[in-house]
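Student: sequence-free structure coming up:
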């Protein structure tokens, strides 16, 4: 996590239940700092770098008929193969990359909506990611000038609006994702739902709420297909 240099939260306007924004880019940066401090492994920041990949560019390639996440899948497949000294089925890295891509979009929205009354929604031009050497996202970047922030005092409504914003960000990419990999709609859209529910659950835990055991997922990461690996605790195969 990166150090926070701001001491105060943005002012919460008074008024009827529902969104009261938008607020300014300085407030976006403040909420980004608050969320960043609650994240266990990933950094959320407003500072981009030459390594930042912007969601608008991913979308542009998808709309042009390309497969912009294929290099990520290919690199991860190669890395997994070297690590396990065995061939890796293509659906394994495909599942991981789709999960990570959805996680990048879900995390800032879900955490902001859970830690406070904030509806924090990056546009495709305002959402970026950077990868760690292990090819998982290590930094999520929000451009304050391309991110909306509103105050919404209705918790359930805030989460619903956040979920709708998340779907708007990821749906085109998910629909066109990995055309060379067999992936059914249950797996594809199960990842979308699982990553949102996981982000909310982690955010509620960070807020001090009791979240209980991890629920069974809809989608599968297929990690059991790698040598020496087993199904994770939330694997849907456990239902069988």
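Tutor: Cool, the structure landed. Just so it is clear, the model here is predicted, and its values are computed rather than measured.
Student: nearest spatial neighbour of residue 158, skipping sequence neighbours?
Tutor: residue 152 (4.3 Å; C-beta to C-beta, 6 or more residues apart in numbering). Placement of C-beta: from N, CA and C, glycine included.
Student: same check, this time on residue 63
Tutor: Closest to residue 63 by C-beta to C-beta, 6+ apart is residue 172, at 7.2 Å.
Student: got a pLDDT number for the one you found?
Tutor: The model reports residue 172 with a pLDDT of 98.
Student: mind telling me what element it is part of?
Tutor: Assigned by DSSP states H and E, residue 172 belongs to helix 155-176.
Student: ok, residues contacting that helix?
Tutor: Helix 155-176 has contacts (C-beta atoms under 8 Å, 6 or more residues apart in numbering) with 17-19, 55, 58-59, 62-63, 67, 69, 98, 101-102, 105-106, 109-110, 112-114, 117-122, 124, 127, 152, 188-189, 191-192, 196, 200.
Student: other SSEs contacting the helix or strand containing residue 75?
Tutor: In this assignment (DSSP H and E), residue 75 forms part of helix 70-84. Applying 3 or more C-beta pairs under 8 Å, 6 or more residues apart in numbering; DSSP states H and E, we find helix 70-84 packed against helix 91-115.
Student: number of residues surrounding residue 103?
Tutor: By the measure other C-beta atoms under 10 Å, the count of residues near residue 103 is 22.
Student: show me the contacts for it.
Tutor: Shown in contact with residue 103 (C-beta under 8 Å, 6+ apart): 137, 195, 198, 199.
Student: quick one: which of these is nearest residue 34?
Tutor: Of all these, residue 34 sits closest to residue 199, with 15.6 Å by C-beta to C-beta.
Student: tell me which element that closest one falls in.
Tutor: Here residue 199, judged by DSSP H and E, is contained in helix 185-206.
Student: so what touches that helix?
Tutor: So helix 185-206 is contacted by 38-40, 95, 98-99, 102-103, 106-107, 109-111, 113-115, 159, 163, 166-167, 170-171, 174, 177, 211, 214-215, 217-220 (C-beta under 8 Å, 6+ apart).
Student: got the buried residues for it?
Tutor: Residues of helix 185-206 classed as buried: 187-192, 194-204, 206 (neighbour count, 16 or more other C-beta atoms under 10 Å).
Student: let me know the pLDDT of residue 24.
Tutor: Residue 24 is assigned a predicted lDDT (pLDDT) of 71.
Student: and it, how close does it get to residue 102?
Tutor: Distance from residue 24 to residue 102, counting by C-beta to C-beta, to the nearest Å: 28 Å.
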